[in-house]
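Visitor: I'd like to go over a predicted model; first the sequence, then the structure.
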Amino acid sequence: MNWTNLQLSFSQILQQLVYDPKSPMLFNTGLFIWLFLLFLGFYQYVQKKSFPRIIYIIAFSYYFYYKSSGSYVLLLMLSTMVNYYLAILMDEQEKPSSRKLILILALLFNLGMLGYFKYTNFLIDIFNKLTYSHFNFTDIFLPIGISFFTFQILSYIIEIYRGNLKPLTSIADFAFMVSFFPTILAGPIIRPRVLIPQIRKPFVLTREDISRAVFLIAAGLFKKAIISDYISLNYVDRIFDNPALYSGFENLMSAYGYTLQIYCDFSGYSDVAIGIALLMGFHLPDNFNLPYRSASLTEFWRRWHISLSTWLRDYLYIPLGGNRKGKLRQYINLFITMLVGGLWHGASLKFIVWGGMHGSMLAVEKMISPLTQKQNGRLWKIGGMIFTFHFVTFCWIFFRADTFNTAIQIITQIATKFNPQIALEVITAYKPVFLLFTIGYLLHFMPVSITQKTQHEVAKSPSFVQALILVSVIWLIIQTKSANIQPFIYFQF
């Protein structure tokens, strides 16, 4: 190889290592897999030394965030510095009024930062419509993961204010908690009391941990890159982009498809994140628990995006009064909480409607709970599962549609132009898609004992078999992937 070619190769490598807004680094990219393997190779030299391990993980976390969001890594650093010192300052105050003032400052800083990046154009649009003004929209890039690390920081600040937590005295420990790369882009939102005790805990990684990590990573990649991405690109996106061109049956199947897609996408990300953290010796809680098997919407929110639903419960619903101030106030609190949950996902009428529908149905469930709690039969539970699944699916239409009008158009097509006689023709035309529909839903609804037994068998198998399983999943991803890597759905939030 001559010197020119060597220079060219080195330049290409450097180009891969620099942030590219058209190709951010994600868990399901080849670059991340290679860098993470390299990271693990060096990790073995620092894993048993507390401080070097912390610094090593922070450095990789900041680089990972830089490769995902570019210069917005500086925003992450700013947020870390400001909140670290605000927490210490708050803890030093003896007067409740002083502590409350610092809490307000922290809320203004964090929610103000989140609000600027996420809601500025939304507020400009509302103002223009109400006042017939013509203010120009601003060109704002939403930093990936800002909703997740902001909520994680807020839980830390609030727990210190409540006296349930002492502030970290090492800025390295705090930077670790905020920037931990498996969770920074799309959660789970890890509570301080879960992660902080593990930061300086002696490193332990058992064979069972490795086996579970391999199982979670393989399952997560399978759900995301094979099921979710394939049905999205080859069916769901086509229908949602032009619902009027398709029959009601095809629109209904796209709604069922998106219901499966978003679950496989987000739970797949969570599985990979938990598995990656486990390989480094950190245990994170599950973020999903078979949510579509829920017999009520209340149960659904105990199983879906658990880290967000419990965050909203503990830091919004309960402070609003929860169920302690009468039935009417409880219903209002549920509605407000879910409305905020909708707005957390995005500044748009469709997310407000999505949150409002969930909040309204949760309130209705509480109203009729004296009657429903007496019903314990199997048929009643199955009926509850069917109703809850279809209510959630109906709400997902608003969540996925590009606009509120598009969602209404999809529902109209289903209601007025169902055309069931073309069902066989549609299924035949999209055989791979409907095959993955079937596999995805069967895996979700099959008995838990089968999943546990499968995981147990993987854990008992030799290391080379576990490696073969992971390689097989990656091979399947390569065979089914599109030309472009598909970002995880929750990166937009």
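Guide: Yep, that arrived.

Visitor: Under the pLDDT cut-off, which ranges of this structure? List them.
Guide: Applying pLDDT under 70 to the chain picks out residues 1-14, 474-493.

Visitor: Kindly state the domain boundaries assigned to it.
Guide: 23-35+49-199, 207-288+375-492 (automatic domain parsing).

Visitor: chain center to the last one: distance?
Guide: Read it as domain 207-288+375-492. Its chain's average C-alpha position is 14 Å from that of domain 207-288+375-492, according to CA atoms, centre = their mean, to the nearest Å.

Visitor: ditto for stretch 96-109
Guide: The answer for stretch 96-109 is 29 Å, by CA atoms, centre = their mean.

Visitor: Okay, buried residues for it please.
Guide: Using 16 or more other CB atoms under 10 Å as the test for burial, stretch 96-109 gives Arg99, Ile102, Leu103, Ala106, Phe109. All C-beta spots, glycine's among them, are computed from the backbone N, C-alpha and C.

Visitor: just stretch 417-431 next, same as before
Guide: Residues of stretch 417-431 classed as buried: Phe418, Val426, Tyr430 (neighbour count, 16+ other CB under 10 Å).

Visitor: before we move on, what about stretch 256-270?
Guide: 256-270.

Visitor: and which of those residues is nearest Glu250?
Guide: Distance to Glu250 across the buried residues of stretch 256-270 (CB to CB) is lowest for Gly257, with 9.9 Å.

Visitor: Could you tell me how far the closest one is located from Asp91?
Guide: Going from Gly257 to Asp91 by CB to CB, to the nearest Å gives 50 Å.

Visitor: go on, Ser170?
Guide: Ser170 is 14 Å from Asp91, by CB to CB.

Visitor: what sits against the nearest residue to Leu339 once chain neighbours are set aside?
Guide: Excluding its sequence neighbours, the residue lying closest to Leu339 (CB to CB, 6 or more residues apart in numbering) is Gly355, at 4.7 Å. For Gly355, the contact set (CB atoms under 8 Å, 6 or more residues apart in numbering) comprises Met338, Leu339, Val340, Gly341, Gly342, Leu343, His345.

Visitor: if you look at those residues, which of them are in helices?
Guide: Judged by DSSP state H, helices contain the following of the contacts of Gly355: Met338, Leu339, Val340, Gly341, Gly342, Leu343, His345.

Visitor: Now the buried members of those.
Guide: The neighbour count (16+ other CB under 10 Å) marks Met338, Leu339, Gly341, Gly342, Leu343, His345 as buried among the ones in helices among the contacts of Gly355.

Visitor: Quick one: those as a markdown table, columns for distance to Thr131 too.
Guide: A markdown table is the format used below for these (distance: CB to CB, whole Å):
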| residue | distance to Thr131 |
| --- | --- |
| Met338 | 29 |
| Leu339 | 24 |
| Gly341 | 29 |
| Gly342 | 25 |
| Leu343 | 22 |
| His345 | 27 |
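
Visitor: and which of the residues you listed is nearest to Tyr65?
Guide: Using CB to CB, these come closest to Tyr65 at His345, 21.1 Å.

Visitor: what's the distance between that closest one and Met338?
Guide: Counting by CB to CB - His345 and Met338 are separated by 11 Å.

Visitor: before we move on, back to that, which member of the contacts of Gly355 is positioned nearest Phe135?
Guide: Leu343 (20.9 Å).

Visitor: That closest one contacts Phe351, doesn't it?
Guide: Yes: under the criterion of CB atoms under 8 Å, Leu343 makes contact with Phe351 at 6.3 Å.

Visitor: so what's the backbone phi/psi at Phe387?
Guide: phi -60, psi -50 (degrees, to the nearest 10).

Visitor: sorry, back to before: could you point out which of the domains of the chain sits nearest Arg313?
Guide: When the domains of the chain are compared by CB to CB, domain 23-35+49-199 sits nearest Arg313, at 11.8 Å.

Visitor: now the closest residue to Tyr315 other than its chain neighbours: how far from Phe399?
Guide: Excluding its sequence neighbours, the residue lying closest to Tyr315 (CB to CB, 6+ apart) is Ile158, at 5.9 Å. Per CB to CB, Ile158 is found 28 Å from Phe399.

Visitor: neighbour count winner among the two?
Guide: Neighbour count, other CB atoms under 10 Å: between Ile158 and Phe399, Phe399 has more, with 22 against 18.

Visitor: sec struct for the more buried one, please.
Guide: Of the three states, Phe399 takes helix according to DSSP: H, G, I helix; E, B strand; the rest coil.

Visitor: Tell me who's in contact with it.
Guide: By CB under 8 Å, 6+ apart, the contact set of Phe399 is Ile262, His345, Lys350, Phe351, Trp354.

Visitor: and the spatially most central residue of the chain, which of the three is it?
Guide: Nearest to the mean C-alpha position of the chain, counting by CA atoms, centre = their mean, stands Ala186 at 4.3 Å. What three-state DSSP gives for Ala186 is coil.

Visitor: just Asp286 next, same as before
Guide: coil.

Visitor: and it, how many neighbours does it have?
Guide: Neighbour tally, Asp286, other CB under 10 Å: 14.

Visitor: Relative to Leu424, how far out is the residue nearest to Leu339?
Guide: Distance, Gly355 to Leu424, by CB to CB: 38 Å.

Visitor: Gly220 now?
Guide: 34 Å.

Visitor: and what of Ile397?
Guide: 24 Å.

Visitor: again with Thr298
Guide: Counting by CB to CB - Thr298 and Leu424 are separated by 38 Å.

Visitor: Please, where are all the strands along the stretch 1-150 of the chain?
Guide: Taking DSSP state E, counting those that start in this stretch, the stretch 1-150 of the chain contains no strands at all.

Visitor: just the helices in it please.
Guide: 3-17, 30-43, 50-69, 73-92, 96-131, 146-162 (DSSP state H, counting those that start in this stretch).

Visitor: Quick one, which of the ones you listed gets closest to Ser461.
Guide: helix 30-43 (20.6 Å).

Visitor: buried ones in the closest one?
Guide: Quick answer for helix 30-43 (16+ other CB under 10 Å): Phe32, Leu35, Phe36, Phe39, Tyr43.

Visitor: Now do that helix: which elements does it pack against?
Guide: Here helix 30-43 is seen to pack against helix 50-69 when contacts are counted using 3 or more CB pairs under 8 Å, 6 or more residues apart in numbering; DSSP states H and E.

Visitor: what's the helix it packs on in contact with?
Guide: The contact list for helix 50-69 (CB under 8 Å, 6+ apart) reads 17, 19, 24-26, 31-32, 39, 42-43, 46-47, 72-73, 76-77, 143-145, 172-173, 175-176, 179-181, 184-185, 199-200, 202-203, 280.

Visitor: Looking at the buried residues of stretch 417-431, which is nearest Gly163?
Guide: Tyr430 (56.8 Å).

Visitor: can you tell me how far the closest residue to Phe300 other than its chain neighbours sits from Lys381?
Guide: With sequence-adjacent residues excluded and distances taken as CB to CB, 6+ apart, Phe300 is closest to Ser294, at 3.9 Å. Distance, Ser294 to Lys381, by CB to CB: 10 Å.

Visitor: Understood, closing this out.
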